[in-house]
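Student: take a look and give me a structure for this.
(one chain, ligands or ions: 1)
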Amino acid sequence: MKFESTLIEQLRQAQRIVFFTGAGVSQESGIPTFRDGPSSIWQHFDPEIYATVLGFDNNPSKVWEWYWDRRQAFKALEPNAAHHVIAAWQEKAENVTVITQNIDGFHQRAGNQSVIELHGSLAMDKCRVHGHYSKHDVNSTSRTQPSCAECGSLLRPDVVWFGEALPDEAYDQAEIACFNCEVFICIGCSMDVYPAADLPYNASASGAYLIQVNPNPTDLDEMADCNLQGNAGVVMPALWQAVWGNTY
Ligand code: OAD
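Tutor: The predicted structure follows:
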């Protein structure tokens, strides 16, 4: 792959970098995206059922089991080259922030020490009534929905559903990183879901050099300083090679 020299120079010099990721970064790990193409999740499953509080209240065990199956599937999958390149970048710049909309924990599995999870995480559960948090038992072999140890109400995965607010602290940290970064790299995001989709615009408005990695066009194309068209698992290792002259 050939990259513009301005892009290479920006990446070599930058000490404050934000990697902002969506479902596309995990696609080559075997996790389908939500809304591009025939195999995407919302083509096959109704988000009103599986990603709203109302859907959960109507049929809690159905929703719990759907996420249980996803958790099981993720256990058998691995972070891909794009996750590993992002993790390796921590050694190359003073301040690397990873902000993700994903709930799969793959950035942490690839070695990123702190990750801002805007849409929650499958690593945790919380109870429906009081929001008491508990670590999800990854070794559980039962699909049966558990109850909260503190109050007895039903547990749900600690993920953000449509109509719910993003976790305040995560969003505040994300905004601060966007306002302060020199380079912002948006990878595998459709830019369809707000407020997360505001972040690249905020970063660009604050002067960051904006890079997008995506095989398909998005609303960000016009604003981006550089559009790298392709799959993250191919583009990111090639970019690393071009910037640092070795393999990640
Ligand atoms: P989407 O499924 O909306 O978009 C995935 C994006 O990744 C698209 O723009 C694809 O073109 C791109 N893509 C596909 N394969 C790729 C690859 N190999 N490398 C790079 N990019 C690739 O996923 P998100 O934008 O993450 O929220 O969706 C945002 C939110 O909507 C999710 O967090 C989830 C969903 O509903 C909730 O469930 C609340």
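Student: tally of neighbours for residue 208?
Tutor: 25 (other Cβ atoms under 10 Å). In this view, the C-beta of every residue, glycine as well, is placed from N, C-alpha and C.
Student: could you pull up the residues touching it?
Tutor: For residue 208, the contacting residues are 18, 178, 181, 182, 183, 184, by Cβ atoms under 8 Å, 6 or more residues apart in numbering.
Student: and if you look at residue 117?
Tutor: Going by Cβ under 8 Å, 6+ apart, the list of residues near residue 117 reads 100, 102, 103, 167, 170.
Student: same thing with residue 203?
Tutor: 18, 178, 179, 181, 184, 210.
Student: now, the most widely separated pair of these?
Tutor: Farthest pair in the contacts of residue 203 (Cβ to Cβ) is 179 and 210. Separation: 13.5 Å.
Student: how near is residue 64 to residue 158?
Tutor: 13 Å (Cβ to Cβ, to the nearest Å).
Student: run through the bridge partners of the residue nearest to residue 107 when sequence neighbours are not counted.
Tutor: For residue 107, ignoring the flanking residues on the chain, the nearest one in space by Cβ to Cβ, 6 or more residues apart in numbering is residue 115 at 4.7 Å. On the basis of DSSP bridges, residue 115 is bridged to residue 98.
Student: from now on call the first residue 779
Tutor: From this message on, residue numbering opens at 779, which makes the last subject residue 893.
Student: domains of this structure?
Tutor: By the record's domain assignment, the chain is partitioned as 779-809+857-897+943-1026, 810-854+903-937 (automatic domain parsing).
Student: buried deepest among these, which one?
Tutor: Comparing the domains of the chain by mean neighbour count (mean count of other Cβ atoms under 10 Å), domain 779-809+857-897+943-1026 ranks first with a mean of 19.
Student: average pLDDT for that domain?
Tutor: Domain 779-809+857-897+943-1026 shows a mean pLDDT of 97.
Student: residues contacting the nearest residue to residue 892 once chain neighbours are set aside?
Tutor: Residue nearest to residue 892 in three dimensions, not counting chain neighbours: residue 876, with 7.6 Å by Cβ to Cβ, 6+ apart. Counting by Cβ under 8 Å, 6+ apart, residue 876 touches 796, 797, 799, 864, 885, 890, 892, 893, 894.
Student: which strands and helices sit next to the biggest helix by length in the chain?
Tutor: Secondary structure of the chain per DSSP state H: the longest helix is helix 838-853. Other elements packing on helix 838-853 under the criterion 3 or more Cβ pairs under 8 Å, 6 or more residues apart in numbering; DSSP states H and E are helix 825-828, strand 898-905, strand 933-937.
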